Every structure is written in structure tokens, then in C-alpha cells.
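Chemist: next one to model:
(one chain, ligands or ions: 2)
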Amino acid sequence: MSVTTLDFEKFIAGTPQERKQFAEDLLSSFERTGFAKMTNHTFSTAQLQQLFHWGQSFFDQSLEAKNEIPNEVGPRPMRGYTPWRVEEVGKLHHDENIRILTDSKEHFDQGPTDDTEFPNKWPTTSNMSGFQPFMEAFYQQCNNVCLTLIHALEVAWGIEDGSLVARCSPSATDLRLTHYPEIAVDELQSGRNTRIAPHTDFGPITLLFQDSTGGLEIEDRTDATGSTFVPLPPTDTTEMIINVGDTLTRWTNGRIVGGMHQVTVPETMKGEKGLVIPSRMSMAYLFKAGRDTSVGPLPKFVSAEEPAIYPEITALEFQRWRNSIVYNLDKKEDGVRFSGSSAIKPTGGFRPMQTV
Ligand SMILES: O=C(O)CCC(=O)C(=O)O
Ligand SMILES: [Fe+2]
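Modeler: Ligands and ions are numbered 1, 2, ... in the order given. I've put the predicted structure just below:
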């Protein structure tokens, strides 16, 4: 299953024909695989090196220092630092016959700069003083790329200019730096742990940069059983990966299915006993719809023949529901009101959540 690589330049500075072609190729890669790759995405190699450098500096701090800005786990957007083995994304699409794999990661989450509802948490130590300005600028640049890609979908669908972009404002995106500490191959092959379990992201799309370690895999849709994953190796670490998330699935009434992905043992180390997989880092720009925007199907995708299969629910309520699952809050009071909603259309062997 090959994921199409697109040239962003063709959309931002191309001829009308090139823009149209870009939009159509993006849509068709999304429909076929749930993913796309992109070059000329406006981020320089130096900027991406700096991103990973800042990530390294953040995670290299002592646990005590990182815990100075703790993420308060709850059915809400994440902010600040979350330690190893707290979040369990494997619970999102879990098949009761299969044991949930525990994630082995720590992460830093950042929201919009001016977010007063869920304010950001920044390290205060002097050696981290450049982190906040760098990350805020990086966040803004990612937002511009995402809004342009959402506009490309408007072009591909021939819907009114700005109508979909308007649904993504004001920004409610979460940017996540994830660090996967080094871990023995045997531990990941024990059937209990993984780096990040198979999941789909919650927003319309996600931008992803990974370091050169490898281990990212995507669901192979050419396998009818739906249980096969294929590696998406870091051929060029400056290449941007884009994946479809649950919101686009819901907006399109199930027509574009979210790209299921996981991070596990890098291909070259599979089956090896006694080896240790080096630590790994990624940056996921988990683009979101505006908090008050509905993630129910768009009128374009609903008809008498194809009635809406997803309920109207705001983007924030949707995120609260999904986070109540990954943080094991779904049995508690705050999670029960989300009961009965279905996040995604079934893909292959993965079933959607039944009840919360
Ligand atoms: O580390 C990666 O490459 C993937 C991260 C991811 O899937 C996420 O943060 O949602
Ligand atoms: Fe993800």
C-alpha cells in the first residue's frame, strides 16, 4: 500500500491546474490509505533539527523538573507533561478478544498560545527559556499548513471556499512532543507493551514528524482482514506525514476513514532477541476543529440514501469523550454522558467503541 508524496509548493504557488491536481491527489491518498506525505511544507531542515533538539532538552530534564508542569489528567485537552505509561490509546478501538497493549511513552502537550480555557504550561528553568518562543512559532506555522490543507479539501470537493476552514477556527489544536525511552525488543514483543498502540487521532488531520529511529506503522488497507500493519519508515526525516483523524471521518459521514497507526519495533530489529531499541521522538500536530464546531456529518455527505451515521456533537465534547477513554475515566461520572456515541466506522479487524 503506497502513500502518495505531495509537493506543497504546487498548491501554494502552482498554476490553477497544479493546485487542482494537488487537491485531488491529497483527497485520493486520504481515501485510499488514510495518509499522505508532503515535501516543501515550509519547515526547513534547521527548524526541524531545532524542534528535536528542544524536545530532547525537555525530556532530558529530571522527572522532578518535568513534573513541575504536570498534565492534569481528565476528560479535557492535555497540557504540560505526562509521564510514562499513563495514557493508553489502545483502549480507543479495542477488540475485547485482544489484550490492550500498554503504551511506553512520555509526552508534552501544548495548545493555542492564547488559550484561557486550558492554558499552556511551560518549563521555567533558565536552560529551557527558548523552548516556549520556539514552540509557539512552530505551532503557528503548523496551523497555517493545516488550514491550507483543509482549503485543499474544499477545492477537491468543490465546496464553498472557506466553509471548511471556518470550522477549524478559533484554533483548538494540541501539539504533542512524544518521547519513547529506549526499551528492550523482548519487552515490546512480549504481547503486553508497545510504544504507542494502534489508534486514530481525534481531529480532522494530524501533521507528524518523526526522528530517524523507525517503528511507525500504518494499517494496510489492501489486507481485507484489516489486521496487518506496514512500516512507514523515516526515509527522509524532513518529510511530513499527514494522517486522517476521526473528525474527517465524521464530517464525511464515514467516506474517509481515519488512518490507523502505531509505533512498535523498527523493521530491522523485528525478531531479534536481547537488543535494545534506541529512544525515539516525534512531533504530532493534532489539528482540531473549533471547540464549539460540530463534528457531525457535513450536509454534502448526507442524503436520503446515505443518512447521517454520526450524531451532532461538538469538537470539544468529542475530545472529552475520547480522552476519558485513554485516561481510564470512562467508568467515572464525567465520562458516562458520552455513552453510545461511535467514533469511527469499523475498519478491518478493529471495531469501533461500543459503549463508554
Ligand atoms: O510517534 C509517532 O510517530 C506517532 C505519534 C502518534 O501517533 C500520536 O501522537 O498520536
Ligand atoms: Fe497518533
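Chemist: show me which residues of the stretch 101-250 of the chain are close to ligand 1?
Modeler: 176, 178, 196, 201, 208, 210, 216 (CB under 6 Å from any ligand atom). Every C-beta, even on glycine, is put in place using the N, C-alpha and C of the backbone.
Chemist: by neighbour count, which of those wins?
Modeler: Asp201 (28 neighbours; other CB atoms under 10 Å).
Chemist: check contacts around the nearest residue to it once chain neighbours are set aside.
Modeler: Using CB to CB, 6 or more residues apart in numbering and skipping residues adjacent in sequence, the residue nearest Asp201 is Gly245, 3.8 Å away. Each residue near Gly245 by CB atoms under 8 Å, 6 or more residues apart in numbering is listed here: 200-206, 258-259, 286-287.
Chemist: 7 Å instead?
Modeler: Shown in contact with Gly245 (CB atoms under 7 Å, 6 or more residues apart in numbering): 200-206, 258.
Chemist: what's the answer for Ile150, then?
Modeler: If you count contacts by CB under 7 Å, 6+ apart, then Ile150 has 164-165, 168, 204 around it.
Chemist: now, the residues of the stretch 101-250 of the chain next to ligand 1 that are in strands?
Modeler: Judged by DSSP state E, the subset of these located in strands is 176, 178, 196, 208, 210, 216.
Chemist: these: which two are farthest apart?
Modeler: Using CB to CB, those span at most 14.3 Å, a distance reached by Arg176 and Leu216.
Chemist: now the protein against ligand 1: closest residue?
Modeler: Ligand 1 sits closest to Ser282 of the chain, with a gap of 3.2 Å, by CB to the nearest ligand atom.
Chemist: isn't that residue right next to Thr178, touching?
Modeler: Yes - here Ser282 reaches Thr178: they are 5.1 Å apart, a contact under CB atoms under 7 Å.
Chemist: show me where this protein has helices.
Modeler: 8-12, 16-33, 45-60, 63-66, 131-157, 185-188, 246-251, 315-326, 333-336 (DSSP state H).
Chemist: and the fifth one, what's buried?
Modeler: Counting neighbours by 16 or more other CB atoms under 10 Å, one finds that the buried residues in helix 131-157 are 131-132, 135-136, 138-139, 141-143, 145-147, 149-157.
Chemist: and the residue of the chain closest to ligand 1, what is it in contact with?
Modeler: 178, 208-210.
Chemist: repeat that with 10 Å
Modeler: 52, 55, 105, 107, 176-180, 195-196, 208-211, 213, 215-216, 234, 241, 263 (CB atoms under 10 Å, 6 or more residues apart in numbering).
Chemist: near Val244, how many other residues are there?
Modeler: For Val244, the count of nearby residues is 26 (other CB under 10 Å).
Chemist: ok, now Asp292?
Modeler: Using other CB under 10 Å: Asp292 sits among 11 other residues.
Chemist: kindly report the same for Pro278.
Modeler: Using other CB under 10 Å, Pro278 has 16 other residues around it.
Chemist: wait, it touches Val265, no?
Modeler: No - counting by CB atoms under 10 Å, Pro278 stays clear of Val265, with 11.6 Å between them.
Chemist: common neighbours of these two, please.
Modeler: By CB under 10 Å, 6+ apart, the residues touching both Pro278 and Val265 are 183, 214-215.
Chemist: which one of those sits closest to Gly111?
Modeler: Of all the shared contacts of Pro278 and Val265, Gly215 has the smallest distance to Gly111: 26.9 Å, by CB to CB.
Chemist: by neighbours, which of the contacts of Ile150 wins?
Modeler: For the contacts of Ile150, neighbours tallied by other CB under 10 Å; top is Pro204, 28 neighbours.
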